[in-house]
Every structure is written in C-alpha cells, then in structure tokens.
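> how does the following fold in three dimensions:
(chains A and B, ligands or ions: 1)
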Amino acid sequence: MRIALFITCFNDTLYPGTGRAVLTVLERLGHTVDFPQEQTCCGQMHFNTGYRPDAVPLVTRLARAFAGYDAVVTPSASCAGMVRENHPVLAERYGSASLQQQVAELVPRVYEFTEFLTDVLEVTEVGARFPHKVAYHPTCHSLRGLRLGDRPLRLLRAVQDLDLVELPSADSCCGFGGTFAVKNADTSSAMLADKAAGVLASGAEVLCAADNSCLMHIGGGLSRQGSGVRTMHLAEILAGAEGEER
Amino acid sequence: MSDRGVVWLGSPSFPEAARTALADQQLRTNLRRATTTIRDKRLAVAAELDDWEELRTAAEAIKRRTARHLDRYLLQLEEAVIAAGGSVHWAGDAAEANRIVAALIQATGEREVVKIKSMATQEIGLNEALAREGITAYETDLAELIVQLGEDRPSHILVPAIHKNRTEIRDLFAAEMAHWGEPAPEGLSDDPRELAEAARRHLRKKFLAAKVAVSGANFAVADTGTVTVVESEGNGRMCLSLPETLITVMGIEKVVPTWSDLEVFLQLLPRSSTGERMNPYTSTWTGVTEGDGPSQFHLVLLDNGRTDTLADTVGRQVLACIRCSACLNVCPVFERTGGHAYGSVYPGPIGAVLTPQLVGVEQAASLPFASTLCGACYDACPVKIDIPEVLAHLRAEVVEAKRHALSPEALAMKAAATVLDSPRLLSAAQKAASLGGRVLAREGRIGRLPGPLHGWSDTRDSPAPPAESFRTWWRKNREGTP
Ligand code: SF4
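Presented below is the predicted three-dimensional model:
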C-alpha cells in the first residue's frame, strides 16, 4: 500500500513532532510512508472565513500532490473533514471537470490517522507504552464531523500503562473555531475557561486529541493559567515506545 | 431598521454585543442552568422513539417538497381558508403586514388586542407598529408577558425570558403589573406557583374583555386550510376561542401539504423544544364555525425576505425551521452570550443563518461568524437543517458583499493563499516564523501579542514555532538533502 502523509500546514509549521509520531507508529506497524513535498494546505481557513476562491488553488495543489497514493493519512480531523466535505463543493463551484474528477478520486482515499489505524489497518494495539494519566478531548470535527466515535479511545485503551481518565463535558466545543478565536475572542475565551476547568477537574497530566489546533487553544489557556497539564497529539502518545519515558 | 426587516437589527455587531452578556455572571448562570436542563430532557425523550431518525428524515423531506412547490401550496391554502369562511391577505414585507393588521383591528373599532406568542409578529415589530396607531397589544404567554412588562427583548425563541431568574421575575411583576392591568398581589414571593397565579389573574381580565386576538401559526395545512398553534400554557387557546375576531400572521414557509404531515411534526416539535412527549395544547381551526369561536378569521401570509431566501439553493434549507429552539439549547456560543447578542428576534444558530437571509447579509454581517462551526446544532435539528453548511455559505456571501473594500483581513487571506500555494514560500515563511517566534517566546511559549491578535493572546499563550518545520526535518533526515 502506498501511504502518503498529509501533514497539514498547521502541523508542518507548529507541530512537526506530530508528523514524526505518525511516521513512527506507521513504520512500527511495518508500513512505508511517503511525504510528497508539493503539499501545503487544505484551505480550511480560507473556506471557513468566507474566502472561497482563495482556497481553490490549494484544492488543486492537494489533489495533484496526492494523486497516485492508495491512502493519504492526516493527523488532523478538521483537515480530513475539509477535504471530504468541502473540496467537492469548491471543485464543483469553481473548478474544471478535471479538478472535479481529481477531487472525487482523492476524497475516498483521505483518512484521519485514528480512522486509518482502526478501519484500514485494523489495529488498535500499536505497541505503545505511556505511563501517565491521560484525558481525551473529542474535538468537534472528530466527534460530529468525521464521527470518529470511540476509535481514538480504543487506541488509547490499548496503550500499556496509560491511565485514561474521563473529561467532564467532553463533547462541548473548546471555543477555538479557527478565526472565531480572534473574531469573537471574548466568547471563545469564555468557552475555553469552561473547557480548561474540565481538564483540571479530570486530574489528567496530559490532554490529547486528534487535532492540534484545538489543543493549541486549550493548551494556550492551560499554560496561561500556569497549570502543569500538558497537551499532546494522540499520535505522540501512540508513538511512545515500550520502555521509553516521554 | 429596514422595512423588510427583523426588528432592532443594527444594534452592535455580535462580538461587541456578546461582550456585555459575557460580563454578566447572573445571566450566564441563568442561561447555563436553563439550557442544560432542557438539553438533557430533549435527549431523553428523543431516545424514547426508536424511529426518531426516520421522523427527522421524513420532516426534512416534507419541508423540501413544500419549498419546491411553495407557490402551489400557498394558493391551495388560500383557497381552502376562503372556502371555510376566512380571509387571506398577502404581505410582502414587515411594513405591509403591520399595515394590514392595524387596518383589520381598526375596522373592528377596538383599541386593545390579546396576543399569542408568535415569532412572526415579533419579527415584523407588530406590537410597536400597533402602538404607533394607538392600539395596545397584550402578550398572554407567560414568558412574553415577562419580557413585555420589563420593556425587555426576548432572548430565546421558546423561553423568551430565559435570561431571567425567579427573583428577577418577582421584582418585575411587583413593580410593573399595575401599569398594564391587574396589579401583582401584595407580598408576592418567587415561588413559581405564586408567580403563575399572579400572571393568571392579571391575564384573566384581558381575555374576558378582548374582542380581537392576534396569533402566529406553527403550521397551516394546504389541503384543508387548517391553521395550527401549539403551546404549553393554554393562554393561546383562550385567545383563539374567546374573541370575535382572530388575525393570524404566518410566515409563508409554515404551510405543509396535507393534514397527515402534521403527524410527523407534532412528534418532533414538542420533544425538540420543551423536551415533552406532547405539547399540552394543540389548537387547530379551519376558517370560521358558526357559534363556535371567532366569527371573523384573517390569515396574513408574510413574505419579508422568504422568497429571496428560497431562491438561494444552499440557504433555502433554513425555511424548514419549525422554531423548536433545540439548536439554541445545544449551542455553546448561545449558552455564553444569550440571545440579545444576536440583535434579532431569531437568536442562536438559527438566527445566525435566518436573519442575514431575511434582511440581507450586509445588514447582519457579523452573525454568520458567531459560531465555531462545532456542528452541535446540526445534530440537534429535528428537520436536519445543516446549519454549519449555511453558516459557511453565508460567510462567503458576506466576504463577497464587501469585496470592494480591501480589508486587512482580505489582504492577509490573499497573502496567506499566495504563501500556501508554494512549498518554497511556505518553507521560507516557516523559517521566518521560527526566528521571529523564538525572539518573542519565553520558555517555549509566546505570551501577550499586540495588534489584532491581542483578543487571542489576552487569555492564551501560543506555542513558539519550532526550530525546524516538518518538511525541513523530512528533507534532512529522510532525503539527506539540507
Ligand atoms: S433550526 Fe432546527 S433546531 Fe433550530 S429552531 Fe429551527 S428546527 Fe429547531
């Protein structure tokens, strides 16, 4: 199987460790992963802020970069959702017939990381050890966008020595919402305050999720409050190897 | 306020109006308590029906079919209402609807009317318009009464006084009831039963004296001409049966093709709105009936932007809304800000997609952005309106409408698009960000920022960009190229 990593512009720039963690896990499971350098961004920010035409070249670029791979794996539920839900919309509205075709071919091959592990590779035990108290935040895009359900939890439960604790009001939005956090900063902060309180109440040492953007938001709040709770992408926990301290 | 309008729009933009609400701790506590309670009740009663999802699908299908042939069903409705002894009036916008209703009331010689809670009449600002003609409209729904007595604005579709707690309501009754009719009893406490009794005594006089009633409609059946109002308190039924003249103002999207279609909605609506299996009062009437109820019935069919909404292939799905308010109760933004921040009688997620379409996106440009697109509203909506899809669609319309003015945001988006369309430029930007970020950062995190990003950085630290992006790492370690 030819697997390509879709790192996303956000992870590429701010969270390269997440990309390395995805490689670690997939390679540990015996797969080879490629990183097509033509890739950049799915255009989510432009699309969701109303700048649709600006997203079209990015759609074109992505479809081209990943043509020919059997699976395109991304550690971002929201970017996977963007490709699946909105690239066809953009291609239909602004693109040529050939772009529509390319997008239609790409969409079914794009997988969010945990989806790829559980549904395609059919594994939940990835040989990880992580001796910490962990809470999982189901981001809105993983919960209601991609309907990841308990896939991430199944993976976490299989991690050796990991103590999975419950996050109160887990399914409520953290208030990030991309440019929402800037345009409606006060409302966003109020939502963040409640989410951060939930994290602290959970007693977790580490909060994880399938989206670094929400984690950046929640982690930024936790850090400003001076709490010692760390945020980590779920892939980094799954990359934690037996015997290795992280 | 434009004529084709939704009242009091044009108040501050959402972020600004939200700030006031967010600062009000009491308000936030009231909202959280009320929405959480009703949310849990809704989930419990929806789960009781094993065909809940099928009902939602059926409702969506009925509403779609109706929208496709709206012209036909409206004409059918008009014909059936007239055949049953009623009259039908068509109103293109708010001003026209208000004129029609005022003229109908004036023709009766009355100066007071009783009202059933109705979103349509709030949308067009009917009470205020009637007041300008010297006609006083008395709200008879308990929550609407609270809002009216407080010279307040409703903040929730179903529970207009959701932002008030019992003590606040007691104080309001004690201070204001006397100006509007029967005063509140001496020593009124904040016990819900006492409050309800005070309201009942206050309203009873109005019901017995009223010769004219004004209502909205939850549904109107095209093939029989039957109009339907559902409610919890029974005050609506008093208005529908005691007066001599009944005037109903109804948005044109409220029509359903056949009587049997009601079956679907009468299961979905109460469960989604109040979390009850059945609403306590369902009133239906068809024209007029000799010796039973009002002898005159007028149906005012209100467009007020709905035909334009219908023309938008993505946006038209909001016309399926049955005003259950489930989307409000699950919305994390509404939960923090309450309804007033939306500056429209339609608050919450539905307000954010309906209001801009009714009045034009330029008039309500901040509303489509008043959401994180978390999707909770879509999951809750009994008629499956994809609210996030419409929000994103309207955002594009807002940007398009402002295209001529190159805002800093538009420039930033353009610049970002250019960088992101080139791996080489992206790489260069990543290097610059890494350098710049490390200058700003302390212990790997960036604190408060100046300029437009301060809203973000007031409450959140940002991660310092790492020394090396993923693509740089890949090139060095996997391809051996520097
Ligand atoms: S949009 Fe849906 S959930 Fe919201 S009020 Fe309308 S019908 Fe109810």
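> mind listing what B:N304 touches?
B:4-5, B:91-94, B:97, B:123-124, B:251, B:358 (CB atoms under 8 Å, 6 or more residues apart in numbering or on different chains). No exception for glycine: its C-beta is placed from N, CA and C like everyone else's.
> ok, so of these, who is nearest A:N86?
Comparing the contacts of B:N304 against A:N86 with CB to CB picks out B:L358 as the nearest, at 25.7 Å.
> what would the contacts of B:N304 look like in JSON lines with neighbour count?
Shown next, in JSON lines, are the contacts of B:N304 (neighbours: other CB atoms under 10 Å in any protein chain shown):
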{"residue": "B:R4", "neighbour count": "18"}
{"residue": "B:G5", "neighbour count": "23"}
{"residue": "B:A91", "neighbour count": "22"}
{"residue": "B:G92", "neighbour count": "15"}
{"residue": "B:D93", "neighbour count": "16"}
{"residue": "B:A94", "neighbour count": "28"}
{"residue": "B:A97", "neighbour count": "26"}
{"residue": "B:E123", "neighbour count": "25"}
{"residue": "B:I124", "neighbour count": "30"}
{"residue": "B:G251", "neighbour count": "24"}
{"residue": "B:L358", "neighbour count": "26"}
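> among those, name the ones in helices.
Residues of the contacts of B:N304 located in helices (DSSP state H): B:94, B:97, B:123, B:358.
> which of those residues sit farthest apart?
Maximum pairwise distance in these, criterion CB to CB, is 12.9 Å, between B:A97 and B:L358.
> before we move on, the earlier item: near chain A too, which of the contacts of B:N304?
Residues of these in contact with chain A (CB under 8 Å from any CB of the partner chain): none.
> where are the low-confidence patches of chain A?
The model of chain A has pLDDT under 70 over residues A:242-246.
> in it, what residue comes closest to the ligand?
At 14.5 Å from the ligand, A:R144 is the closest residue in chain A, using CB to the nearest ligand atom.
> so what's the spatially closest residue to that residue that is not a sequence neighbour up against?
Using CB to CB, 6 or more residues apart in numbering or on different chains and skipping the chain neighbours, the partner closest in space to A:R144 is B:G375 (3.8 Å). Counting by CB under 8 Å, 6+ apart, B:G375 makes contact with A:140, A:143-145, B:388.
> out of everything not next to it in sequence, what's closest to residue 17?
All of this refers to chain A. In space, and not counting its chain neighbours, A:G17 is closest to A:E236: 6.2 Å by CB to CB, 6+ apart.
> could you do chain B instead?
Nearest to B:A17 is B:A341, by CB to CB, 6+ apart, at 4.0 Å.
> surely the one you found is in contact with B:A21?
Yes - because the distance of 5.3 Å satisfies CB atoms under 8 Å, B:A341 is recorded as touching B:A21.
> those two: which has the busier surroundings?
Counted by other CB atoms under 10 Å in any protein chain shown, B:A341 and B:A21 do not tie: B:A341 has more neighbours, with 31 against 21.
> ok, that one - contacts?
B:14, B:17-18, B:20-21, B:347, B:370.
> pull out the buried residues from those residues.
Taking 16 or more other CB atoms under 10 Å in any protein chain shown as the criterion, what is buried in those is B:14, B:17-18, B:21, B:347, B:370.
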